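Novice: Curious how this folds, go ahead:
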Amino acid sequence: IQYENIKGGMEDWDFWLHAASIGLWGYTIPEFLYWYRERNNRSIDWPDIFDAGKRQAFIGRLHEKYAKKVASLSFNTSLSKERHQITNIQQANLSGSGGEHILFLLNYQPEDNQQLITCDYLRFYQSQGASITILIHHLESNHYDGDFSGITDDVFIADHLCAVQNRQSIWQYLITSRNIQRVIAINLPADPEDLPLIKSAFPHLQADLILLSLPKQFSVDNLIQRYHLDTAYIDHIGAGAQEIRFILETNAALYGKVYFMPPISQQPVQPFSLRQVQQQKNEWGINSGTFTISFTGRIGNEHFKWLRALISKLKTNEHNHFLFILRVWERELKLLRESITPHELPGNLRLLPVNPQQPELQKALTIADCYLDISALNGLNDALREALRLGIPVLSIGNEGIKDLIDPQTGSRFRLHYKDPEKQAADLIATITELAKNTTKMNRLRNSCLQKATAVLAPTHPSAVQFYRLEKNVPA
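Specialist: A predicted model of the protein is given here:
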């Protein structure tokens, strides 16, 4: 096709109408594909799309150039219908060293702060020789999906490809074309029927579930019933913490089906360096003697009342040697700023936005003497794991699924006092005050965190290998 390129946007419309005007019609490739670069300055580069006047003028030019030519030709509508029924599926050539072909179903919510852990699970299976295909149910528009590209380029985002009601056709196609032998869902599927439907259509598949966290709004019994966890639709359940395993096994139907799948980390555990902490504090403009508490992630509605009580206490001179750094998501940041007027915000509390990719997560933790975990979920998140790996004691409020990781040797755990926010704030301040004054205890906690991380988070942890090698026909 001899074609004169145009600029300003919508050149694809001009190209296809030009092709049609000489009798060359487009054809839909029966393949689900999505890999698209988006520029931040699209309105400048493509004014014919974003400028209403120029857009209308461009459409007018298309009519002038092609309307009469295209009207005299007929479009073969049978071609356009073939995309709805994919037949003759070809086998894809996937990277891997001859191991299993695994389809990972990710109900990926970046605000759950589990990106690093998810990637490390994928790398772990890759290290075992598996070929990996990833199907993500949903991805926020401001979250970059390229964080998986170093693991596999076989990444698909379901809601970019089809309507929700047609999502089954995506995983059916992927299972067939990739010769998938095993399906692993990391965290609960977006649709509770996903794994039952997959197992019904492909009963030979091994279907496993890795739970990094448990939603607090569901009881265990409701969770099991809703997601069919006690049926043959799920062969194994890997729990990211021993405590999550124990929570699930309170239901007799799951006993023997749940295995400990530790939150592995590819990064080696380094000895704690007080010098590095002080250097990082200086870079952030923080006095090296200021006892700093860092939090990064989501803040649940249940935390707002005691946070206000904490802020009131921080405004007194008694606690001005503490610094709280809260890196929170935009929604929570907006709520906090709406509920706390600027003159109410004490100087020893900083509210910072958190980036979806969290490139500065390690820096935000390196400046901290303690990490504050107030996750709205029962379970693991990136910051909690990284805090242990960096030797930073954890103060956890209301997270019931990590008792085996956060204990008196690695930090402190607090019950969430819904009805007494003042007590919640007072208990937290009392613990921090004790730690700030007790250098010996802080050093002991730091060493215990590193020991815990070395023992539990290692990628060669025997439980991780055991879970990988499990076969669905092995008796419990």
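
Novice: the longest helix in the chain is where?
Specialist: helix 52-71 (DSSP state H).

Novice: That one packs against which elements?
Specialist: Contacts defined by 3 or more CB pairs under 8 Å, 6 or more residues apart in numbering; DSSP states H and E place helix 52-71 against helix 11-21, helix 47-50. The way it works is simple: take the backbone N, C-alpha and C, and place the C-beta from them, glycine included.

Novice: May I see the buried residues of the last one?
Specialist: Buried residues in helix 47-50, counted by 16 or more other CB atoms under 10 Å: 47-48.

Novice: and what of the longest one?
Specialist: With burial defined by 16+ other CB under 10 Å, the residues of helix 11-21 counted as buried are 14, 17-18, 20-21.

Novice: which one of the residues you listed is nearest residue 443?
Specialist: Set against residue 443, the nearest of the buried residues of helix 11-21 by CB to CB is residue 14 (68.9 Å).

Novice: Show the contacting residues for that closest one.
Specialist: 6, 62, 65 (CB atoms under 8 Å, 6 or more residues apart in numbering).

Novice: Redo these as a markdown table? Include distance to residue 466, pLDDT and neighbour count.
Specialist: Listed next are the contacts of residue 14 as a markdown table, based on distance: CB to CB, whole Å; pLDDT from 0 to 100; neighbours: other CB atoms under 10 Å:
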| residue | distance to residue 466 | pLDDT | neighbour count |
| --- | --- | --- | --- |
| 6 | 60 | 76 | 14 |
| 62 | 62 | 89 | 15 |
| 65 | 66 | 89 | 14 |
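
Novice: where along the stretch 1-150 of the chain do the helices fall?
Specialist: 11-21, 42-45, 47-50, 52-71, 77-81, 115-127 (DSSP state H, counting those that start in this stretch).

Novice: and the first one, average pLDDT?
Specialist: The average pLDDT within helix 11-21 is 87.

Novice: same question, the last one
Specialist: Confidence over helix 115-127, taken as the mean pLDDT, stands at 88.

Novice: same question, the second one
Specialist: If you average the pLDDT over helix 42-45, you get 73.

Novice: now what about that helix, what contacts it?
Specialist: Applying CB under 8 Å, 6+ apart, the external contacts of helix 42-45 come out as 9, 39, 49-51.

Novice: of all these, which two lie farthest apart?
Specialist: 39 and 51 (16.0 Å).

Novice: Compare neighbour counts for these two and give me the winner.
Specialist: Neighbours per residue, other CB atoms under 10 Å: of residue 39 and residue 51, the larger number sits with residue 51, 15 against 9.

Novice: Chain neighbours aside, what residue packs nearest to that one?
Specialist: Nearest non-adjacent residue to residue 51, counting by CB to CB, 6 or more residues apart in numbering: residue 43, 7.8 Å away.

Novice: Can I get the helices and strands packed on helix 52-71 in CSV including distance to residue 211?
Specialist: Listed next are the helices and strands packed on helix 52-71 as CSV, based on distance: least, CB to CB, whole Å:
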stretch, distance to residue 211
helix 11-21, 43
helix 47-50, 43
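
Novice: ok, residue 196 to residue 190 distance?
Specialist: 14 Å (CB to CB, to the nearest Å).

Novice: And residue 403, by the same measure?
Specialist: Counting by CB to CB, the separation of residue 403 from residue 190 is 28 Å.

Novice: can you tell me the distance between the two ends of stretch 287-306?
Specialist: End-to-end distance for stretch 287-306: 27 Å, by CA to CA, to the nearest Å.

Novice: And stretch 262-282, by the same measure?
Specialist: 35 Å.

Novice: where does the protein dip in pLDDT?
Specialist: For the chain, the stretches flagged by pLDDT under 70 are 27-40, 42, 75-90, 92-98, 110-111, 139-146, 317, 341-344, 355-360, 471-476.

Novice: let's see it at 50
Specialist: Low-confidence segments of the chain, defined by pLDDT under 50: 80-84, 474-476.
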